[in-house]
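Chemist: heads up, no residue letters with this:
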């Protein structure tokens, strides 16, 4: 497996990672020239989609940092290719690189909606808000053909099950028919992540995600359809996007967002080196400042994984960002507490073979 894409024949157009370093579970194989003529490398790195049949659709967590305890993810890997994505290390469990493999070798789960229906139908299942898009984006480009996020939404609608969705993808507009119906019952909330308003920076940092203006348009369209939307200013990148915080929040409020949140840039495991490689190529003049700020917030390390610290960091700089966020949200009316999603409407729909009720 290659450590770095050096060949000029390989173009990294619309890809964020500069490397495809082996994962921490890989056998560290090296390619050697054996004298035989090799096939030429493709000019553009293609996207490959493999299929995985799942035995369980729901993933549970006990993290005190998260407002949910269960989630569903139709895909592994993400073609949006955000260089800062905290989910990149999860690709290592597949024996794939958190670098370019994460962006180009995707896993789709075609039976996930069927298995989700089976799990929600179990008599012992207890309803609580289900999160979608917590690891990788359910509305990344391959969803257009795969339709797995919509299939899961159809199941949740049929069960009257509450769901909170996080995405950057404009494809969510396709599912407004389901989302508006669920919103009218208090069953859905959507978070739209907007990292920067700078179109050029976004294209380099999030190469296959919709442009910032397009994401703001998604917020407006969802809001106009009655779907409550949260503007997610995440991640905040110190020394690179932090100066935009108030402008981001104002743009989200103008588009119709009724709440907001923020998370500091996180660099777990392999993400740290991928991020630093990206900085060296795209923002060399700011690289030292960005990393110095991050280490200042994490006790001298690139990342502190402790609960209560990993999302925001600590120290004067982190506190300053928090105060700026609170003041801007108060001014823009984004601090109002969102009504909790309803769990009392949950009902298992009749299935083929069920005994009919007598009354």
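Modeler: Okay, I see it. Note that this is a predicted model, so its numbers are computed, not measured. Numbers count the residues shown, from 1 in each chain.

Chemist: Tell me where the stretch 151-300 of the chain has helices.
Modeler: Here the stretch 151-300 of the chain has its helices, by DSSP state H, counting those that start in this stretch, at 176-183, 199-205, 212-224, 245-255, 271-282, 287-297.

Chemist: Of all those, which one is nearest residue 20?
Modeler: helix 271-282 (10.1 Å; C-beta to C-beta). Placement of C-beta: from N, CA and C, glycine included.

Chemist: pLDDT of the closest one, averaged?
Modeler: For helix 271-282, mean pLDDT is 97.

Chemist: helices and strands around that helix, which ones?
Modeler: Where contact means 3 or more C-beta pairs under 8 Å, 6 or more residues apart in numbering; DSSP states H and E, helix 271-282 is packed against helix 199-205, helix 287-297.

Chemist: mind putting the ones you listed in TSV, mean pLDDT included?
Modeler: Output for the helices and strands packed on helix 271-282, formatted as TSV (pLDDT from 0 to 100):
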stretch	mean pLDDT
helix 199-205	97
helix 287-297	96
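
Chemist: so can I have a markdown table of the ones you listed showing mean neighbour count and distance to residue 181?
Modeler: Conversion of the helices and strands packed on helix 271-282 to a markdown table gives the following (neighbours: other C-beta atoms under 10 Å; distance: least, C-beta to C-beta, whole Å):
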| stretch | mean neighbour count | distance to residue 181 |
| --- | --- | --- |
| helix 199-205 | 16 | 32 |
| helix 287-297 | 17 | 42 |
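
Chemist: Need the ones you listed in JSON lines (columns: distance to residue 221).
Modeler: Listed next are these as JSON lines, based on distance: least, C-beta to C-beta, whole Å:
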{"stretch": "helix 199-205", "distance to residue 221": "19"}
{"stretch": "helix 287-297", "distance to residue 221": "33"}
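
Chemist: To residue 339, which of the ones you listed lies closest?
Modeler: helix 199-205 (31.7 Å).

Chemist: Distance from the chain centre to that closest one, please.
Modeler: Put simply, helix 199-205 sits 17 Å off its chain's centre (C-alpha atoms, centre = their mean, to the nearest Å).

Chemist: Over to stretch 307-318?
Modeler: For stretch 307-318, the distance to the chain centre is 20 Å (C-alpha atoms, centre = their mean).

Chemist: Could you do stretch 162-169 as well?
Modeler: On C-alpha atoms, centre = their mean, the centre of stretch 162-169 falls 9 Å from that of its chain.

Chemist: Assign a three-state SS to residue 324, would you?
Modeler: helix (DSSP: H, G, I helix; E, B strand; the rest coil).

Chemist: And the pLDDT for the spatially closest residue to it that is not a sequence neighbour?
Modeler: With sequence-adjacent residues excluded and distances taken as C-beta to C-beta, 6 or more residues apart in numbering, residue 324 is closest to residue 245, at 5.6 Å. Reported pLDDT at residue 245 in the predicted model: 98.

Chemist: Residue 76 and residue 106 touch, don't they?
Modeler: Yes - using C-beta atoms under 8 Å, residue 76 is in contact with residue 106, at 6.8 Å.

Chemist: before we move on, the earlier item: in contact with the residue nearest to residue 324, which residues?
Modeler: Taking C-beta atoms under 8 Å, 6 or more residues apart in numbering, we find residue 245 in contact with 233, 236, 262, 321, 324-325, 328.

Chemist: Check residue 257 too.
Modeler: Residues in contact with residue 257, defined by C-beta under 8 Å, 6+ apart, are 192, 219, 223, 229-231, 334.

Chemist: mind listing the strands for the stretch 101-250 of the chain?
Modeler: Taking DSSP state E, counting those that start in this stretch as the test, the strands found in the stretch 101-250 of the chain are 105-108, 130-132, 163-167, 188-193, 229-236.

Chemist: can you count the residues close to residue 138?
Modeler: 26 (other C-beta atoms under 10 Å).

Chemist: one step back: nearest to residue 128 among the helices and strands packed on helix 271-282 would be which one?
Modeler: Between the helices and strands packed on helix 271-282, helix 287-297 lies closest to residue 128; by C-beta to C-beta that is 31.8 Å.
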